[in-house]
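Asker: Sequence first, then the predicted structure:
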Amino acid sequence: MRINGETQRLKLTLGALATLESQLKTGSLIDLVARFETGGFSAADVLALLAAGLQGAGATLTVTDLAAADIEGGPMQAARVAAQLLVRSFSLPGEVVAEDTGLNAR
């Protein structure tokens, strides 16, 4: 994912997931996954998820930084990458993950 002209990696570590869970208004990561599956996610969900992924990969960008950042592809690309990050984080090893969205996760 390119943010402010720089390629950024995203990774949802257990610590990043715990931070994300504490920031959610609905309580659990399962609720967040369900919101993305049904299209009921908010811009705040996307920002929180991407910020957690960035921090999990070692970046220092915060939700506030990300909210003001230039994200290549705009809000729709940000939402696609956030959804893909969730899919990759909750997939079993060896499962096929759908289309590449520019997510450089490990």
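Answerer: Looks like it arrived, so ask away.

Asker: give me the low-pLDDT residue ranges for this structure?
Answerer: 26, 94-106 (pLDDT under 70).

Asker: got the end-to-end distance for stretch 68-75?
Answerer: 12 Å (Cα to Cα, to the nearest Å).

Asker: meant to ask about stretch 62-81, not that
Answerer: 17 Å.

Asker: how far does that stretch sit from the chain's center?
Answerer: 10 Å (Cα atoms, centre = their mean, to the nearest Å).

Asker: Might one say that Leu24 is in contact with Leu32?
Answerer: Yes: at 6.0 Å, Leu24 and Leu32 qualify as touching, with contact defined as Cβ atoms under 8 Å. Heads up, the C-betas are built off the backbone N, CA and C, glycines and all.

Asker: Strands of this protein, start to end?
Answerer: 2-3, 6-7 (DSSP state E).

Asker: Distance to Val46 and mean neighbour count for these - can I get that in CSV?
Answerer: CSV is the format used below for these (distance: least, Cβ to Cβ, whole Å; neighbours: other Cβ atoms under 10 Å):
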stretch, distance to Val46, mean neighbour count
strand 2-3, 13, 17
strand 6-7, 19, 10
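
Asker: could you dump those strands to CSV with distance to Asp70?
Answerer: CSV is the format used below for these (distance: least, Cβ to Cβ, whole Å):
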stretch, distance to Asp70
strand 2-3, 7
strand 6-7, 10
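
Asker: right, so of the ones you listed, which gets closest to Ala83?
Answerer: For the strands of the chain, proximity to Ala83 was assessed by Cβ to Cβ; strand 2-3 is nearest, at 16.9 Å.

Asker: Please enumerate the helices of the protein.
Answerer: 14-23, 29-38, 43-56, 63-68, 74-89 (DSSP state H).

Asker: distance of Leu20 from Glu37?
Answerer: As for Leu20, its distance to Glu37 is 17 Å (criterion: Cβ to Cβ, to the nearest Å).

Asker: between these two, who's got more neighbours?
Answerer: More crowded of Leu20 and Glu37, by other Cβ atoms under 10 Å: Leu20, with 20 against 12.
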